[in-house]
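[1] Sequence first, predicted coordinates after that:
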Amino acid sequence: MYTPQRRDFISLTLSPQERGGYNSKSWRRRSCRRAWKQLSRLQRSMILFLFAFLAVLAVLSYSSLGEHLKALTNRVVEEHGSDPEIPELKPAIPAVLAEPRKAGEESHFNDPPESPPQKLRHKQGPPNNLQIQPARKNKLDLRRKLPQSLKAIVSWQGVIIEPETNKEPPSTKVVEPYKPAPVGINRQKEPVPLNSRQMAVIEAFRHAWKGYKEFAWGHDELKPISKSYSEWFGLGLTLTDALDTMWIMGLKEEFEEAKKWVETELSFEKKVDVNLFESTIRILGGLLSTYHLTGDSLFLEKAKDLGNRLMPAFKTPSKIPFSDVNLGQGSAHPPRWTSDSTVAEVTSIQLEFRELSRLTGDEKFQKAVDQVTKHVHSLSGKRDGLVPMFINTNSGQFSHLGVFTLGARADSYYEYLLKQWIQSGKKENELLEDYIQAIEGVKKNLLRKSIPKKLTFVGELAHNHFSAKMDHLVCFLPGTLALGAHNGLAAEHMDLAKALMETCYQMYTQIETGLSPEIVHFNLHGPKDSKDVEVKPADRHNLLRPETVESLFYLYRFTGDTKYQDWGWEILQNFNKYTRVSSGGFTSINNVQNPSDPEPRDKMESFFLGETLKYLFLLLSDDLELISLEKYVFNTEAHPLPIWVSS
C-alpha cells in the first residue's frame, strides 16, 4: 500500500524574471501546474470528484428553474392572454370613475363664482381627471358598475385588497398585549367595493393631506392659504386625529408615513399646556381607536403614556378636573381668567379614560372620570335634566346658573350619557336615566318650530327667556337621538331625529353657498315669505365642522333612506367649491353668504380629516357594516371605540 510522505513545506526556486512578475498570467499558469503535480494521487482524485459533483448539481438546478419559468409563463398567458406586454399599472385614484359628461351636460359640481377671491383659488370639485357621477336617486344606483381595473376592495377595517379569484381576505388578527382584549373582529364578512362617491371623498382627503404633508408636516394645523402651519399643543394634532381615518379609507401609504412619525417623533415629554378635553378626544381617542383597528401596540403604548400625563388634571379640591395640563411638568390649572371648567369638557372624556383602564388593567383612569360623572349626577341646579354650562373646580358646583343650551360648552355632556351606557353593554342604567330625562327637558323647554316651513329646532334658555338661536354644534343631536332609538329607546326619539335632521340640512340649503354658518337664528314672528334661517354677521363663518354629516351617517345607517346620502354628497360638493385650496388643503371661511368671496380664514381644523371626511366616507359607503354600530361607539371626535361585551 502506497503511503505518501508528509511534507511540512514546499520549496520553490524562482528565476529573477519570475520574482519580478507575480502578476503575469504565464507565471500563474506555471505555478498552478507545478502545485497540481506536487499533490498526491488521492488529493487530486478528491478534487476532481468535488468538481464533478458541483457540475451535476448545476445541471439539476437549471432543469428545475426551467420548469418553474415555464409554469410561470403559462400562468401569465392564462391571466393576461398571449400579449407579451406588461399590463398597465393603475393610479391610486383612477383617471375616470364614471362615464365622461356629454357635451352640454350640467357639471356635477356647481360652476365657479364669477369673481373668486384672490387669496383662495377655488378648485371646483375634484381635478379634471376625476369626474363624479350625479347624485343617486335610488338604491339600485348604489352599486353601479365600475371597470374591473377600478374595483379596489375595502375590508371593514380599511385594508385595501385587490380582487382575487377563490381567495379569502387575509387574516387581520388583533394583537392582544393587554387584558381584557379588544372586541373581536368579524373576519368572515365579504368586502364591499368602493363606489364613486367614496372615491371622491378619498380624493378630497388626499388633497387635504397633500397640503398638510407639504406645508405643515408634524405640526398641529395647516394654514393652506399662506402655505404654513399653526401650533396649539405641538403634538401633530392633524396627523394623530386622522390616523384611523386613513386606515378606514385604506390609505396604506399615507398611514405608514404617519405611523412612522408617531413612532419616532411623537413625544409627550414636553413642557407644554394642553387642554384636557381636546387632547383626550383628539389624541388619546385617536390613538386608542387606531390600536383597535390595527392591533399595533405602538398606539396603545402612546395612549397609556398620554393618559398618565393627563391625570394631574384631576388633582382638585372637588375632583372636577382642571381644563389645562402641562404634560412635561405634571401640573394642571384652570384657565387664566376663571376657576371654572365647562360642563361639556369635564363630562366628555369618559369614553376614552374608561377604555384606557379596560385595556391596561389600571383602574385609576376610569375611577377618575366615573367620579366626575357621579358628582355631576348628584348636583342641583339642573332644569328637567338640562345642565348649566360651567362648573367650579374648587367648589364642584354649577356656576352661571339659569342658562341652558345644547350648543357650545354643554353639547357632548348629553352625547356621552347615552354613549357610556352603550359602551358598557347597556348596564349602567343611571346614565340612561339621566339621558332620557335630559331629552324630555329638551322637548319641554327648548323645542320650537320656525316660520314658514315649520322646521323643528332646538333653541336656548337664559333665565327663563327663550332664544331662537341654534349652534351648528347642536346638529350632533339627530344622530344621537337615532342611536338611542336604535338601541331600544322610544320611537319618538327617531321621529324627533328625522325632524331635526331636516332642520340641519336646511341650515345648509337655505344659505347662498350651501354651507351652514356657525350659528343661526330661526324666524318665529316674521313674514311668511321670509326664510326660516337668519344669520347675523358675527355668526356667518364655517369651520368645516362635522356635526351635520355625522348625523346624516346615523340616519342613513338606521333608516336606509338614500336621501341622507344625497344630502351629504351636496355638502361635499360645496366644500370642494368654496373651501378647497388649489395648492393643497381646505380652509374655513368667514362668509357663507357670499359665494363670490367667502373670505377664507387660512385654517384647516384637524377635525376636518378626523371627523368630517370620515363621516362622509362612511355615510356614502354601500357597506352598512363598515365600522359596525353594533360593535363600536364613536367618541365625540369620531374615533370608534369597542362596545364592551361580557366574557
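    Thanks, I have the structure now.
[2] Centroid-nearest residue for the chain?
    Central residue of the chain (CA atoms, centre = their mean): T245, 1.9 Å from the mean position.
[3] just the helices in the stretch 451-600 of the chain please.
    Applying DSSP state H, counting those that start in this stretch to the stretch 451-600 of the chain gives helices spanning 477-486, 491-509, 547-559, 563-578.
[4] And the second one, how far out from the chain middle?
    This means helix 491-509. 26 Å (CA atoms, centre = their mean, to the nearest Å).
[5] Equivalent analysis for the shortest one, please.
    If you compare the mean C-alpha spot of helix 477-486 with that of the full chain, they lie 22 Å apart, counting by CA atoms, centre = their mean.
[6] So which of the helices of the stretch 451-600 of the chain is nearest P640?
    helix 547-559 (11.8 Å; CB to CB). Every C-beta, even on glycine, is put in place using the N, C-alpha and C of the backbone.
[7] Check the offset of that closest one from the chain's centre.
    17 Å.
[8] Am I right that S226 is in a strand?
    No - counting by DSSP: H, G, I helix; E, B strand; the rest coil, S226 is not found in a strand; it is coil.
[9] per-residue confidence for it?
    Model confidence at S226, given as pLDDT, is 98.
[10] Run a quick neighbour tally on it.
    12 (other CB atoms under 10 Å).
[11] contacting residues for the residue lying closest to it once chain neighbours are set aside?
    In this structure, S226 finds its nearest non-sequential neighbour in D602, 5.6 Å apart by CB to CB, 6 or more residues apart in numbering. If you count contacts by CB atoms under 8 Å, 6 or more residues apart in numbering, D602 has them with 119, 223-226, 587.
[12] Take the helices of the stretch 451-600 of the chain and write them to TSV, including distance to V633 and mean pLDDT.
    What follows is those, written out as TSV (distance: least, CB to CB, whole Å; pLDDT from 0 to 100):
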stretch	distance to V633	mean pLDDT
helix 477-486	8	98
helix 491-509	17	98
helix 547-559	12	98
helix 563-578	20	98
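[13] just for this protein, where's the confidence low?
    1-39, 56-189, 646-647 (pLDDT under 70).
[14] what do you get if the cut-off is 90, keeping everything else the same?
    1-191, 336-337, 525-530, 645-647 (pLDDT under 90).
[15] picking up where we left off before, what's the spacing between the residue nearest to the centre of the chain and L351?
    Separation of T245 from L351 (CB to CB, to the nearest Å): 18 Å.
[16] what's around D362, how many residues?
    By other CB under 10 Å, neighbour count at D362 equals 15.
[17] Might one say that L629 is in contact with R557?
    Yes - the criterion here is CB atoms under 8 Å, and L629 meets it with R557 at 6.1 Å.
[18] got the contact list for the spatially closest residue to E231 that is not a sequence neighbour?
    Leaving aside its chain neighbours, E231 sits nearest to D220 (5.0 Å; criterion: CB to CB, 6+ apart). Neighbouring residues of D220 by CB under 8 Å, 6+ apart: 229-238, 606.
[19] cool, and Q506?
    Q506 neighbours (CB under 8 Å, 6+ apart): 453, 455, 532-533.
[20] Try it again at 7 Å.
    455, 532-533 (CB atoms under 7 Å, 6 or more residues apart in numbering).
[21] Next, format those residues as JSON lines and append distance to V474 and neighbour count.
    Below are the contacts of Q506 laid out as JSON lines (distance: CB to CB, whole Å; neighbours: other CB atoms under 10 Å):
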{"residue": "L455", "distance to V474": "13", "neighbour count": "23"}
{"residue": "D532", "distance to V474": "15", "neighbour count": "22"}
{"residue": "V533", "distance to V474": "13", "neighbour count": "23"}
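[22] can you put those in CSV and add distance to A313?
    Listed next are the contacts of Q506 as CSV, based on distance: CB to CB, whole Å:
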residue, distance to A313
L455, 40
D532, 42
V533, 39
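[23] Relative to S40, which of those is nearest.
    Nearest to S40 out of the contacts of Q506 is V533 (CB to CB; 105.9 Å).
[24] Just the closest of the contacts of D602 to Y212, please.
    P224 (8.7 Å).
[25] ok, A242 touching F608?
    No - with contact defined as CB atoms under 7 Å, A242 does not count as touching F608 (9.0 Å).
[26] Report how far apart the opening and closing residues of stretch 381-393 are.
    Distance between the boundary residues of stretch 381-393 (CA to CA, to the nearest Å) amounts to 16 Å.
[27] what does that stretch rub up against?
    316, 318, 320, 322, 334, 339-343, 346, 398-401, 403-405, 409-410, 413, 434, 437-438, 440-441, 444-445.
[28] coming back round to it: any chance of the helices of the stretch 451-600 of the chain in TSV with distance to N275 as columns?
    What follows is those, written out as TSV (distance: least, CB to CB, whole Å):
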stretch	distance to N275
helix 477-486	23
helix 491-509	27
helix 547-559	19
helix 563-578	26
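[29] Relative to K449, which of those is closest?
    It's helix 491-509; of the helices of the stretch 451-600 of the chain, that one is closest to K449 (CB to CB) at 9.1 Å.
[30] May I see the buried residues of the closest one?
    493-494, 496-508 (16 or more other CB atoms under 10 Å).
[31] do the same with stretch 312-328
    Of all the residues in stretch 312-328, those buried under the rule 16+ other CB under 10 Å are 312-314, 316, 318-327.
[32] Could you do stretch 393-402 as well?
    393, 396-399.
[33] picking that back up, please flag which of the contacts of Q506 sit within strands.
    In this view, the contacts of Q506 that belong to strands under DSSP state E are V533.
[34] ok, so of the contacts of Q506, who is nearest K210?
    Using CB to CB, these come closest to K210 at V533, 34.3 Å.
[35] my guess is that closest one meets P517, correct?
    No - the criterion here is CB under 7 Å, and V533 misses it with P517 at 8.5 Å.
[36] Would you check that A408 makes contact with D471?
    Yes - between A408 and D471 there is a contact under CB under 7 Å: 5.9 Å.
[37] between these two, which one's more packed in?
    D471 (22 against 15).
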